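[1] the following block contains a protein sequence and its predicted model.
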Amino acid sequence: MNDSAPKPVRVVVLGGGTAGWMTAAGVAKLLPGLASVQLVESEEIGIVGVGEATLPHIRGFVEKLGIDEAAFMKATHATFKLGIDFRDFGRIGESYIHPFGSFGEEVGGVGFHHYWLELARHGKAREIGDYSLAVAAAKANRFRPPSADDSLGSTYGYAYQFDATLFGPFMREFARGIGVERHEGRVVTVERDPASGDVTALVLADGRRIEGDLFIDCSGFRSILLGQELEVPWEDWTHWLPCDRAAAMPCTHATEDLRPYTTATAMPAGWRWQIPLQHRMGNGYVFSSAHISEEQACDAIRACAEGAPLAEPRILKFRPGRRARSWSHNVIGVGLASGFLEPLESTSIYLAQMAITYLIELFPAAAGAIDPRDRDEFNRLVDMEYDRVRDFLILHYHATTRDDSEFWNHVRTMRVPDSLADKLELWRRAGRIEKYSDGLFYDASWIAVYVGQGLLPEVHDPRAAMIAPDALARATERLRMAVTGEVAAMPGHRDYLRGEAARLADAA
Ligand SMILES: Cc1cc2nc3c(=O)[nH]c(=O)nc-3n(C[C@H](O)[C@H](O)[C@H](O)COP(=O)(O)OP(=O)(O)OC[C@H]3O[C@@H](n4cnc5c(N)ncnc54)[C@H](O)[C@@H]3O)c2cc1C
């Protein structure tokens, strides 16, 4: 570094959960020489320790950091995930998979779902999932990574399901290996500059002071810096997303088959997850405390577990919503400190990852040189991500015919955000999906939930009728057969994981 080069920005991360260690690792790795990173965590306080299912974007993060996938999966007992199997959401007894992949392909600028709707009009359509490789592979419990060409084998992505209590420590080892300095202790005081109001140091219970230029609040639901110290207001979304508790309980696997997907089953007062890891099954009932008690939720999750319980159910409490600003003064909230939307679509780690990505893109050039426009842009992007996820989650509750409990009556009849009402209108009228280029959940995701939950449009693109019904039926049948053939050639999920483990052992 020459004398005129700016000093690295001193970044202090408060919190050593998934968000904290991901942030520390990301900043240290991707801003070498531009940032120095210290992290404070308190073992006495601990971490949330759930959050096992992810979205495909996490692969980009793991790759950018230069982490070997097989080693990472072994360390966190991870499995592959091709999507989420939603059961009983639209109607009890019905299910569909929201895949990390497409349904068929666009022809002549017309989305496949319009052709599918046209076929359905002629009574010739099979389930839309039959035309998705990710759905078909998930149903068959098979897995192999997508191909790199543009063939049918490339039409899906995948994510991981991992043990959240092992992911943090894995990232911690990685981050410390690239120079992140760790401090163990409880932050009791936050020092601020009287003139600017910026945070200047964190003081630990034993008197140690950790000074910094930029503070990343990863303190979880406590939100020590953003919420408690800077008093950034919380926008509460309970009226749209009434679930505010979870009863989590791991159990053994009941069968040898290992599902390459998460299962979300609607329940009378919420829904429950099943997340298969290599060594166990994660279970949890996400519920509304206004509709059932904690005891009832614990009893329900005990009763639903397919394998033998490995622990007593643990209650986690949360409030859905987000901070009005994720970046205020020189404090940036990442993870639960900045917001939480329930785990129905496994979006929380994704939201933390996106905040880290935006932080790196908008990182100040030098200590004390935060440009308010960068801060505003960060807040705009993070808000957009949260709003998009919020609308998509609400859709799962609202697009239902269920009237079997007070909970479902509430969510079915509630007024939804205008942004979602507009999207619904666009779909209902003509099967259209709102177009956007940033953020989460593109066409296939919306189509999966709309169709899967029985919400079909009044009309579809008239261009889909330009192909004669018989020709259309033959073409889609060819596609379905190709999907079936691809799946038949894939190894079982567990076999694939065993092969990867053996390869890793050979390489060691
Ligand atoms: C029921 C439930 C299910 C979930 N499922 C999923 C899922 O499937 N997929 C997904 O992506 N996400 C999921 N999440 C979210 C996921 O768990 C979190 O996004 C993730 O764990 C990140 O948490 P965090 O690091 O922000 O907070 P935490 O894990 O709470 O970490 C907070 C850190 O701050 C430290 N800390 C706090 N106060 C102090 C202090 N005063 N001094 C020093 N240190 C302090 C703590 O010690 C800890 O290290 C789920 C969450 C819940 C509640």
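    Nice, I can see it.

[2] which one is Ile210 nearest to, not counting chain neighbours?
    For Ile210, ignoring the flanking residues on the chain, the nearest one in space by CB to CB, 6 or more residues apart in numbering is Leu202 at 4.7 Å. The C-beta positions use only the backbone N, C-alpha and C, and glycine is treated the same way.

[3] ok, whichever residue of the stretch 401-508 of the chain sits closest to the ligand - contacts?
    Closest residue of the stretch 401-508 of the chain to the ligand, CB to the nearest ligand atom: Leu440 (11.8 Å). Contact analysis of Leu440 by CB atoms under 8 Å, 6 or more residues apart in numbering lists Leu55, Thr347, Tyr350, Glu385, Arg388, Val389, Phe392.

[4] now do the same for it: helix, strand or coil?
    coil (DSSP: H, G, I helix; E, B strand; the rest coil).

[5] pLDDT value on it, please?
    On pLDDT, Leu440 comes in at 84.

[6] next up, phi/psi of it, please.
    With angles defined as degrees, to the nearest 10, Leu440 sits at phi -110, psi 160.

[7] what's the distance between it and Ser102?
    As judged by CB to CB, to the nearest Å, Leu440 and Ser102 stand 16 Å apart.

[8] how about the helices in this structure?
    Assigned by DSSP state H, the chain shows helices spanning 18-30, 57-64, 69-75, 112-121, 133-139, 164-177, 294-304, 348-361, 372-398, 406-413, 418-430, 443-452, 469-488, 493-507.

[9] rounded mean pLDDT for the last one, please.
    Translated: helix 493-507. In the prediction, helix 493-507 has an average pLDDT of 88.

[10] within range of the ligand, give me the residues from the stretch 301-450 of the chain.
    Leu316, Phe318, Gly335, Leu336, Ala337, Pro343, Ser346, Ser348, Ile349, Ala352 (CB under 6 Å from any ligand atom).

[11] show the buried residues in the residues you listed.
    Among those, those classed as buried by 16 or more other CB atoms under 10 Å are Phe318, Gly335, Leu336, Ala337, Pro343, Ser346, Ser348, Ile349, Ala352.

[12] can you tell me which two in the residues of the stretch 301-450 of the chain next to the ligand are farthest apart?
    Spatial extent of these (CB to CB) is set by the pair Ala337 and Ser346 at 19.1 Å.

[13] what bits of this structure have low per-residue confidence?
    Counting by pLDDT under 70, the chain shows low-confidence ranges at 1-4.

[14] interface residues of it facing the ligand?
    With CB under 6 Å from any ligand atom as the criterion, the chain meets the ligand at residues 15-20, 40-42, 45-48, 50-54, 164, 186-187, 218-220, 222, 224, 246, 248, 284, 316, 318, 335-337, 343, 346, 348-349, 352.

[15] run a quick neighbour tally on Pro250.
    Burial of Pro250 is recorded as 22 neighbouring residues (other CB atoms under 10 Å).

[16] list the contacts for the residue nearest to it when sequence neighbours are not counted?
    Spatial nearest neighbour of Pro250, chain neighbours left out: Leu310 (4.5 Å); criterion: CB to CB, 6+ apart. Residues in contact with Leu310, defined by CB under 8 Å, 6+ apart, are Met249, Pro250, Cys251, Thr252, Arg280.

[17] list phi and psi for Leu310.
    Leu310 adopts backbone torsions of phi -110, psi -10, taken as degrees, to the nearest 10.

[18] which residues touch the residue of the stretch 101-250 of the chain found nearest the ligand?
    Residue of the stretch 101-250 of the chain nearest the ligand, by CB to the nearest ligand atom: Gly220 (2.5 Å). Taking CB under 8 Å, 6+ apart, we find Gly220 in contact with Gly15, Gly17, Ala19, Ile47, Val48, Gly335, Leu336, Ala337.

[19] the fourth one against Trp21, yeah?
    No. Counting by CB atoms under 8 Å, Ile47 sits too far from Trp21 to count as a contact (9.6 Å).

[20] so what sits against both of the two?
    In contact with both Ile47 and Trp21: Gly168, using CB under 8 Å, 6+ apart.

[21] neighbour count for the two, which is higher?
    Trp21 (28 against 24).

[22] I'm done for today, thanks for sticking with me.
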